[in-house]
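Engineer: Got a predicted structure here, sequence first:
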Amino acid sequence: MPEVRLIGDDGNQVGIVPVRQAQEIAREKGLDLVEVSPNSKPPVCKIMDFGKYKYQLEISEKQKKKKQTHIVVKEIKLRPKIDKNDLNTKMKQIGKFLKHGNKVKITVMFRGREIVHKQLGMDILDKVVAELEDLAVVELRPKLEGYNMIMVLAPV
């Protein structure tokens, strides 16, 4: 006859009892017999209200989801010959993204023969880092991927 380790509705251990007896005890109290740990020897069962148990699990899952932080990566695209005022506008936008806790991917796009002047892209990215050093940390150093130079900034 199969046996289970029974935990009462008050949380105290009743002991190892036959399954039929555990079901009788649960029925007398008007509750359900729920298998908590099926892999242990003998399996662990608990006397509880199963509907209430499922509800508590749903609530705890929702709480976990609320506590998760969803990191968003925003992207700003620049050109190597960007004007000074345009660059300042883009830096303000990057600053806003960082203040909201988002990571920012900065892409300098080269077209055609502009790729020969990689130093222009590096200078722009260095300017951005120098301007925003109090708000951001460089997570990914500038690197060239095809005709794009990419850098990722993370909020401090």
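Structural biologist: Cool, got the structure.
Engineer: immediately after the top strand by length along the chain, which helix or strand?
Structural biologist: In the chain, taking DSSP state E as the definition, the longest strand is strand 136-145. Using DSSP states H and E, the next helix or strand after strand 136-145 towards the C-terminus is strand 148-155.
Engineer: Can you give me the buried ones in that next one?
Structural biologist: Under the neighbour-count criterion of 16 or more other Cβ atoms under 10 Å, strand 148-155 has 149-155 buried. Bear in mind the C-beta positions are built from the backbone N, C-alpha and C, glycine included.
Engineer: Redo these as TSV? Include distance to Met122 and pLDDT.
Structural biologist: Shown next, in TSV, are these (distance: Cβ to Cβ, whole Å; pLDDT from 0 to 100):
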residue	distance to Met122	pLDDT
Met149	7	94
Ile150	12	95
Met151	10	95
Val152	15	94
Leu153	15	93
Ala154	20	93
Pro155	23	90
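Engineer: want to throw the residues you listed into a markdown table with distance to Lys92?
Structural biologist: Converted to a markdown table, the buried residues of strand 148-155 look like this (distance: Cβ to Cβ, whole Å):
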| residue | distance to Lys92 |
| --- | --- |
| Met149 | 21 |
| Ile150 | 21 |
| Met151 | 18 |
| Val152 | 19 |
| Leu153 | 14 |
| Ala154 | 18 |
| Pro155 | 15 |
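Engineer: Outside of stretch 123-133 itself, list whatever touches it.
Structural biologist: 78, 80, 82, 87, 91, 94-95, 98, 106, 108, 136, 138, 142, 149, 151, 153 (Cβ atoms under 8 Å, 6 or more residues apart in numbering).
Engineer: Can you tell me which of the residues you listed is closest to Asp49?
Structural biologist: Leu98 (48.4 Å; Cβ to Cβ).
Engineer: Surely the closest one and Val152 touch.
Structural biologist: No: in this structure Leu98 lies outside contact range of Val152 using Cβ atoms under 8 Å: 11.5 Å.
Engineer: shared neighbours, the two?
Structural biologist: Contacts common to Leu98 and Val152, judged by Cβ under 8 Å, 6+ apart, are Val104.
Engineer: Any idea how far apart the tips of stretch 69-89 sit?
Structural biologist: 28 Å (Cα to Cα, to the nearest Å).
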